[in-house]
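Trainee: Sharing a model prediction with you, sequence too.
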Amino acid sequence: MHFTKELSLLSLFALSVVAAPSNKFESFVADYEDLPGNVAGSPNVFGPPTPYLDLDYSGVVVASNSPLAVDAVFTTSGKNYLATNPGQNPDIKVHSNISYCNFNSLVIGTYLNAANGDAAPAVDSTVRFIGTTTDGKTIIQDYNYRTGVTNLNGVALQNAFDKPVALKNFNRITELTVTVVKSAGTVALTGINLDRLAYTCFAK
Ligand SMILES: *[C@@H]1O[C@H](CO)[C@@H](O)[C@H](O)[C@H]1NC(C)=O
């Protein structure tokens, strides 16, 4: 009896050690360069694997501007980036072994989507970042993307590069989504490019 009690106390102690919060954290700048990129403008279907650097992605595909660059908005760093097909919105959740991530910055651009990919021009827009925190709060930040090149009513007539954006107060986030809320084109047909997502994740 005494022995059993000691054993159960011991296993309780062991359990509490296992359940103790982990201090393990890792910082990343995700550039998607190590993933097979679909040629931009072709019917892209593959997103990053789950998980990719502690995050689970949906609503995005990995696009590449090599060997063929037909996307009007592409990253200046490396050849790969994330893009959306018509009707997709980037949704990024922390993987099941992660408590939360603090998101610092990313590179973003928008373009007019075609039915079969993303071979249309860069377009001025307002994108909205929405973060959900561990305690259920919503963090919202809007960003006005401007192509910054000669354009006709906000539609660029030539290639425009992605712009880096600092994310403010996107700490203790479990889910991050990006949507287009305004566009010089049609909101529903405005695609999103992402690259160089900088963040730190804390393990469970
Ligand atoms: C979470 O799990 C993934 C997939 O099993 C693994 O690659 C990654 O290293 C883990 N992350 C941490 C912080 O333990």
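Mentor: Done, it's in.
Trainee: Now do the contacts for the residue nearest the centre of the chain.
Mentor: With distances taken as C-alpha atoms, centre = their mean, the residue of the chain nearest its centroid is Ile92 (5.4 Å). Contacts for Ile92 (C-beta atoms under 8 Å, 6 or more residues apart in numbering) come out as Leu55, Asp56, Tyr57, Glu175, Leu176, Thr177, Leu197. Placement of C-beta: from N, CA and C, glycine included.
Trainee: my read is Ala188 is in a helix, agree?
Mentor: Yes. Counting by DSSP: H, G, I helix; E, B strand; the rest coil, Ala188 is found in a helix.
Trainee: Wait, it touches Gln88, no?
Mentor: No. Checked against C-beta atoms under 8 Å, the pair Ala188 and Gln88 is beyond contact range at 11.0 Å.
Trainee: what about these two, which has more around it?
Mentor: Comparing Ala188 with Gln88 by other C-beta atoms under 10 Å, the one with more neighbours is Gln88, at 17 against 10.
Trainee: Report the buried residues of stretch 88-101.
Mentor: Neighbour counts over stretch 88-101 (16 or more other C-beta atoms under 10 Å) mark Gln88, Pro90, Asp91, Ile92, Lys93, Val94, His95, Ile98, Ser99, Tyr100, Cys101 as buried.
Trainee: Residues of the protein that sit close to the ligand?
Mentor: By C-beta under 6 Å from any ligand atom, the residues of the chain that approach the ligand are Lys24, Glu26, Pro51, Asp54, His95, Asn97, Ala203.
Trainee: go again using 8 Å as the cut-off
Mentor: Residues of the chain lying close to the ligand (C-beta under 8 Å from any ligand atom) are Lys24, Phe25, Glu26, Pro51, Asp54, His95, Ser96, Asn97, Ile98, Cys201, Ala203.
Trainee: May I ask which two of those are separated the most?
Mentor: Maximum pairwise distance among the residues of the chain next to the ligand (C-beta to C-beta): 16.4 Å, between Phe25 and Ser96.
Trainee: one step back: the contacts of Ile92 in strands, which ones?
Mentor: Using DSSP state E, the subset of these located in strands is Leu55, Asp56, Tyr57, Glu175, Leu176, Thr177, Leu197.
Trainee: Pick the one among those closest to Thr126.
Mentor: Of all these, Thr177 has the smallest distance to Thr126: 14.7 Å, by C-beta to C-beta.
Trainee: surely that closest one meets Asn89?
Mentor: Yes. With contact defined as C-beta under 8 Å, Thr177 and Asn89 form a contacting pair (6.3 Å).
Trainee: Could you export the residues of the chain next to the ligand as JSON lines, including secondary structure and distance to Ala122?
Mentor: Formatted as JSON lines, those follow (DSSP: H, G, I helix; E, B strand; the rest coil; distance: C-beta to C-beta, whole Å):
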{"residue": "Lys24", "secondary structure": "coil", "distance to Ala122": "40"}
{"residue": "Phe25", "secondary structure": "strand", "distance to Ala122": "36"}
{"residue": "Glu26", "secondary structure": "strand", "distance to Ala122": "33"}
{"residue": "Pro51", "secondary structure": "coil", "distance to Ala122": "30"}
{"residue": "Asp54", "secondary structure": "coil", "distance to Ala122": "30"}
{"residue": "His95", "secondary structure": "coil", "distance to Ala122": "32"}
{"residue": "Ser96", "secondary structure": "coil", "distance to Ala122": "36"}
{"residue": "Asn97", "secondary structure": "coil", "distance to Ala122": "37"}
{"residue": "Ile98", "secondary structure": "strand", "distance to Ala122": "33"}
{"residue": "Cys201", "secondary structure": "strand", "distance to Ala122": "31"}
{"residue": "Ala203", "secondary structure": "strand", "distance to Ala122": "38"}
